[in-house]
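Trainee: A structural model of the following input is requested.
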Amino acid sequence: MLSKELNVTDSFQEKKPGGGSDPNSFDCKETWYPVHYLEDLDKSKPTPFTLLGRDIVIWWDRVAESWRSFEDQCPHRLAPLSEGRISDEGLLECPYHGWAFSGDGDCLHIPQQVKGGTAETSKRACVASLPTIENLGLLFVYAGERENAAKTEVPIIEPLEESPEGWVVINTFRDVPYDALTLLENILDPSHVSFTHHKTVGNRANAAALRLEPPRNRRDKN
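Mentor: The predicted structure is shown next:
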């Protein structure tokens with residue numbers, strides 16, 4: 001099964017491309033991002049990840065049998081939850097004081113609480129959670145407003161989804177020492193290839209003016 005939707009309310013309305021509601025600008029947060037290959041994730045422990053400069057933690061919720069994504073800080077003392085563990089009860093447990101959270105981000109257990117206490121029911125004891133979805137062997141996380149996730153298209157490779165048996169997929173993952181916007185700018189600049197990648201995929205002798213035609217905005221189709 002190539003696609004499995006997680007933590008996203010079912011919706012029969014037409015989904016929109018990512019980027020937010022303003023057709024004249026692109027909101028980087030209001031879209032789905034592939035953050036990890038599913039086969040590389042370890043269900044026995046939390047996995048840290050940084051998405052658009054925001055530290056998140058990915059973990060397997062065996063109660064709901066789904067991958068979860070939280071902000072990587074405990075609401076108590078801001079300790080990184082990615083350094084904690086998944087408890088015997090299937091909760092994400094903070095390494096500092098042992099606060100434990102369900103897949104929805106609710107705090108279910110505070111070990112130091114007095115008998116009869118209800119501190120875990122406070123909204124301030126909850127962890128911010130991000131919507132997740134599985135598709136094409138990848139885990140996607142929605143970085144924007146939670147209510148917009150179900151309305152937004154997941155950026156997938158349609159031929160691969162339609163005929164997976166006709167393709168060979170090679171999974172690679174590479175960390176680079178700069179942010180996503182710098183990487184995007186580099187990819188969209190083909191004029192650098194002849195010099196930066198000389199003797200690999202480029203050649204200085206091939207440098208020339210480029211004729212480019214901007215693509216039509218997908219949102220202008222309707």
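Trainee: can you list contacts of the lengthiest helix in the chain?
Mentor: Longest helix in the chain by number of residues (criterion: DSSP state H): helix 180-187. Here helix 180-187 makes contact (C-beta atoms under 8 Å, 6 or more residues apart in numbering) with Cys28, Leu52, Val176, His192. Quick note: C-beta positions are derived from backbone N, CA and C, even for glycine.
Trainee: scan this structure for its longest strand.
Mentor: Longest strand in the chain by number of residues (criterion: DSSP state E): strand 54-61.
Trainee: and it, which strands flank it?
Mentor: strand 47-51 (antiparallel), strand 66-71 (antiparallel) (DSSP bridges).
Trainee: about what we covered before: so which bits of the longest helix of the chain are buried?
Mentor: Across helix 180-187, burial judged by 16 or more other C-beta atoms under 10 Å covers no residue at all.
Trainee: would you mind extracting the C-alpha trace of it into PDB?
Mentor: Coordinates of each C-alpha in helix 180-187 appear next as PDB, following Å, rounded to 0.1, in the frame of the first residue of the first chain:
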ATOM      1  CA  ALA A 180      16.100  24.900   2.400                       C
ATOM      2  CA  LEU A 181      15.600  28.300   0.700                       C
ATOM      3  CA  THR A 182      19.300  28.400  -0.300                       C
ATOM      4  CA  LEU A 183      19.100  24.900  -1.700                       C
ATOM      5  CA  LEU A 184      16.000  25.800  -3.700                       C
ATOM      6  CA  GLU A 185      17.600  28.900  -5.100                       C
ATOM      7  CA  ASN A 186      20.600  26.800  -6.100                       C
ATOM      8  CA  ILE A 187      18.500  24.200  -7.900                       C
END
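Trainee: could you give the angle of that helix to strand 47-51?
Mentor: If you take axes from the mean of the first three to the mean of the last three C-alpha atoms, to 10 degrees, helix 180-187 sits at 70 degrees to strand 47-51.
Trainee: what average pLDDT does helix 180-187 get?
Mentor: Helix 180-187 shows an average pLDDT of 87 in the prediction.
Trainee: and what of stretch 155-173?
Mentor: Averaging pLDDT along stretch 155-173 yields 87.
Trainee: send me it as PDB with only the CA atoms.
Mentor: Output of stretch 155-173 as PDB, limited to C-alpha atoms (Å, rounded to 0.1, in the frame of the first residue of the first chain):
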ATOM      1  CA  PRO A 155       3.400  16.600  -3.500                       C
ATOM      2  CA  ILE A 156       3.700  13.200  -5.000                       C
ATOM      3  CA  ILE A 157       5.200  11.700  -8.200                       C
ATOM      4  CA  GLU A 158       2.000  10.700 -10.000                       C
ATOM      5  CA  PRO A 159       3.500   8.200 -12.400                       C
ATOM      6  CA  LEU A 160       5.100   6.400  -9.500                       C
ATOM      7  CA  GLU A 161       1.900   6.300  -7.600                       C
ATOM      8  CA  GLU A 162      -0.100   5.100 -10.600                       C
ATOM      9  CA  SER A 163       2.300   2.300 -11.700                       C
ATOM     10  CA  PRO A 164       4.800   1.600  -8.900                       C
ATOM     11  CA  GLU A 165       5.800  -1.800 -10.500                       C
ATOM     12  CA  GLY A 166       7.200   0.000 -13.500                       C
ATOM     13  CA  TRP A 167       9.800   2.000 -11.600                       C
ATOM     14  CA  VAL A 168      13.000   1.400  -9.600                       C
ATOM     15  CA  VAL A 169      13.300   3.700  -6.600                       C
ATOM     16  CA  ILE A 170      16.700   4.400  -5.100                       C
ATOM     17  CA  ASN A 171      16.400   5.900  -1.700                       C
ATOM     18  CA  THR A 172      19.100   8.500  -0.800                       C
ATOM     19  CA  PHE A 173      19.300  11.100   1.900                       C
END
